[in-house]
Each structure stands twice: as C-alpha cells, then as structure tokens.
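Visitor: Fold the following, please.
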Amino acid sequence: MNGSAALRILLSDAAYAAIGPRLSQVLADRPYVRVAADAPGADADIAFVSRDVTGLSTKHETLPATGIFYDALRHAPSLRWVHGHAAGADRPVFQDLMARGVQVTTSSGANAGVVVQTALAGLLALARRFPRMMAAQRSHTWAPLIKTGLPRDLVGQTVVIVGWGPIGQQLGALLMALGLRVVAVRRHAGPATASVETVAYEDLTAVLPRADWLVLACPLTERTRALVNAQALACLPDGAHLVNVARGEIVDEAALVAALQSGKLAGACLDVFEHEPLQADSPLWDLPNVIVTPHSAGFSDGNAAKVEQMFLDNLVSWLAGRPLHNRTN
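Guide: Numbers count the residues shown, from 1 in each chain. Okay, here's the model as predicted:
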C-alpha cells in the first residue's frame, strides 16, 4: 500500500459526521478522501456501511437510497475492504464483494447484549403466558392463569441454543442462572465449557427430543440454512417453544407454521423471517401463540457507537497489515 496516496473511504454523510474527527486521529499523517456514494464514477479503497445506509431496507427488499450505496460498492474497482454494521454478512451485496476478493468484516458482538435481552424477554414472555394474558387484556377479559392453565416452572427445563458465539454464551449463562439445563449446538462438537453439553450442527436432531426450548442464535451459512426443517421440528417434544434471533432462513417457515397451528409447538418468538418484511398475509401475524417482532432484536441507542469503534479499530489493523477482526470467509 502506497503510504503517500490518499486513502479513499466510502461512507455516508451521517457516518462521516460521526467519525470524521476520529478518522483523522487514526490516520495521523496519512491523507484521505471521503467518497460519497452518489459521486459520478466514485472509486474507493475501503468502505464503512453504517446503519443509516441500510435504513429500512432488508436483504430481500432494497430501497433506492440503499441501492445507490450498494451500487457504489459494486462498482468501485479498487475496493479492498468493507466493514458492515450488522452481525452477519449474508446480504447479497456482501456475497458479491467477497466473490471478487474484497475483505468483508462485520460488527458481530456489538449488539450481543441487546439481542440476549430480547431473546430472554421472548422466552420469559412465552413461559409466563404473556401473549395469552395480553389478548385477554385487549378483550377486557379477567383470565387469571389459575383458570387458563398454570405455566411450567422453568427450573429443570432444557434449552438447546444453536450458535455459541457472544449471544449464545451470554444467554446460556443467564438461563443456567435461572435453573435451566443448556445444550450448545455449534460448528464443531468440542466442549464449549465444562458445564455445557455440546454437539455439532449436524447432530441437532439427536438433542432436540430433550429440548423444552430451542433458541437460534447462529449465523446463516450453508450448514445452518434450513437447519430447523420439518424433520427437526418433529423431533421436538410436544409443547416445546422456539425463539429465533438469528436469521429467518435457518427455519423452514412453512413447517414452522404447521407445527404451531397443530399445537406441536406451544409457541414461538420470532424476530427474523424467510422474507423480510414479513408478508401481510403470513399466518404468523395472527397465531395466538406467536410473538412477532420486525428484525429489531439488536436495536439500541448505544449500538452505533460500538459499531463505529469496531470499524476504527479494524482500520488501525488494516493500515498496519494485521488480520482484521470479524472477517467473514
């Protein structure tokens, strides 16, 4: 890398306003140029995809403003590295960039604590029958649990957590503190910790018959795509629950709907879906045993600062020629 050449950095107006002074500190005497996505013939060496870039776009439906930034990424011939605000890099634009040799890093771990809180809230809401009681509230019906069915004690139940990264580990610790037994499912079967039983993704169905709760917190890869299919759901005991804060494509949604409608599954808390936004005619909206949230498990007002710092820390490594943190293969 030519130390005297100006480093061209593609980032949004909002991101530049937030980190511009810190960029100058990190780069020290190295000159740089901020590249705007809508600049004619824009080229860049590196790029930062902040949350404001994606906005309300999803990986299935890209809004025009987001599309302009994505086009700038795809048409920057000198691009060597892109850092994204999300925990994963499964959006098509990142797949396209990696296919041509661009390094892509994620912000995995930045919002882990918030996602853990969301998953725990969903699990506790289902365990304590909140959907049923909230429906009774809307209809002005006094329906105490002693009348409608007593919830099971969580102590002694088993939760299978698929994915043992920052989210899975933090959630597992909290659930063990509440008295649940935890089984971790991850890329390989080596012990996660001395106290946690661990199996590989391919052995998921072997542990599902013991699962009162199935929590998905893993990345979307070819090994996890449709991992929770009709066969896997059939392995769960009657009355089990599902919580998904990972990616929608990990679950066969039609099979999930069937399992919920039949009563095979007692309930689900779903933050992600096979297609986003979730279609208005999806049965999931109206099932009384389902909590639907709009892919918002990781949102908080403190997340942007964490993502920005991850990008800047990685920039220091990139300038020094060191390996990048959270690089996606």
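
Visitor: contacts, neighbours, all on C-alpha from now
Guide: Noted.

Visitor: So what's the residue count around the residue lying closest to residue 57 once chain neighbours are set aside?
Guide: Spatial nearest neighbour of residue 57, chain neighbours left out: residue 63 (5.4 Å); criterion: C-alpha to C-alpha, 6 or more residues apart in numbering. Residues contacting residue 63 under the criterion other C-alpha atoms under 10 Å number 13.

Visitor: So residue 63 is in contact with residue 56, correct?
Guide: Yes: assessed by C-alpha atoms under 8 Å, residue 63 is found in contact with residue 56 at 7.4 Å.

Visitor: which SS state does residue 242 fall under?
Guide: strand (DSSP: H, G, I helix; E, B strand; the rest coil).

Visitor: Any idea what it is bridged to?
Guide: Counting by DSSP bridges, residue 242 forms beta bridges with residue 214, residue 268.

Visitor: and it, what does it touch?
Guide: By C-alpha atoms under 8 Å, 6 or more residues apart in numbering, the residues touching residue 242 are 213, 214, 215, 216, 265, 267, 268, 269, 270.

Visitor: could you point out the longest helix in the protein?
Guide: Longest helix in the chain by number of residues (criterion: DSSP state H): helix 303-320.

Visitor: Just name the closest of the contacts of residue 242 to residue 8, please.
Guide: For the contacts of residue 242, the residue nearest residue 8 by C-alpha to C-alpha is residue 216; the value is 38.4 Å.

Visitor: Neighbours of residue 279, how many?
Guide: Residue 279 sits with 12 neighbouring residues when counted by other C-alpha under 10 Å.

Visitor: For it, give its distance to residue 265.
Guide: Going from residue 279 to residue 265 by C-alpha to C-alpha, to the nearest Å gives 22 Å.

Visitor: Over to residue 29?
Guide: Distance, residue 29 to residue 265, by C-alpha to C-alpha: 60 Å.

Visitor: Residue 153: neighbour count?
Guide: Using other C-alpha under 10 Å, residue 153 is surrounded by 11 other residues.

Visitor: quick one: pLDDT of it?
Guide: At residue 153, the model reports a pLDDT of 97.

Visitor: Report the secondary structure state of it.
Guide: The local conformation at residue 153, judged by three-state DSSP, is coil.

Visitor: Now it, what are its backbone angles?
Guide: phi -70, psi 140 (degrees, to the nearest 10).

Visitor: Then the one 3 residues further on?
Guide: Reported as degrees, to the nearest 10, the phi and psi values for residue 156 are phi 90, psi -10.

Visitor: show me the contacts for the nearest residue to residue 58 once chain neighbours are set aside.
Guide: Distances taken as C-alpha to C-alpha, 6+ apart put residue 276 closest to residue 58, at 6.2 Å, once the chain neighbours are dropped. Residues in contact with residue 276 (C-alpha under 8 Å, 6+ apart) are 58, 59, 60, 61.

Visitor: Would you reformat the residues you listed as CSV and include neighbour count and pLDDT?
Guide: Output for the contacts of residue 276, formatted as CSV (neighbours: other C-alpha atoms under 10 Å; pLDDT from 0 to 100):
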residue, neighbour count, pLDDT
58, 15, 96
59, 13, 93
60, 12, 95
61, 13, 97
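
Visitor: Residue 110 and residue 216: what is the separation?
Guide: Going from residue 110 to residue 216 by C-alpha to C-alpha gives 18 Å.

Visitor: Give me the more crowded residue out of those two.
Guide: residue 216 (26 against 23).

Visitor: Residue 243 is in contact with the more buried one, correct?
Guide: Yes: using C-alpha under 8 Å, residue 216 makes contact with residue 243 at a distance of 6.2 Å.

Visitor: and residue 195, how many neighbours?
Guide: 11.

Visitor: Ignore what I typed, I meant residue 302.
Guide: Applying other C-alpha under 10 Å, we find 11 residues neighbouring residue 302.

Visitor: In terms of residue numbering, what are the domains of the protein?
Guide: Using automatic domain parsing, the domain ranges for the chain come out as 7-110+301-320, 112-292.

Visitor: Check the spatially most central residue of the chain and give its pLDDT.
Guide: What sits nearest the mean C-alpha location of the chain, by C-alpha atoms, centre = their mean, is residue 246, with 4.5 Å. Residue 246 is assigned a pLDDT of 98 by the prediction.
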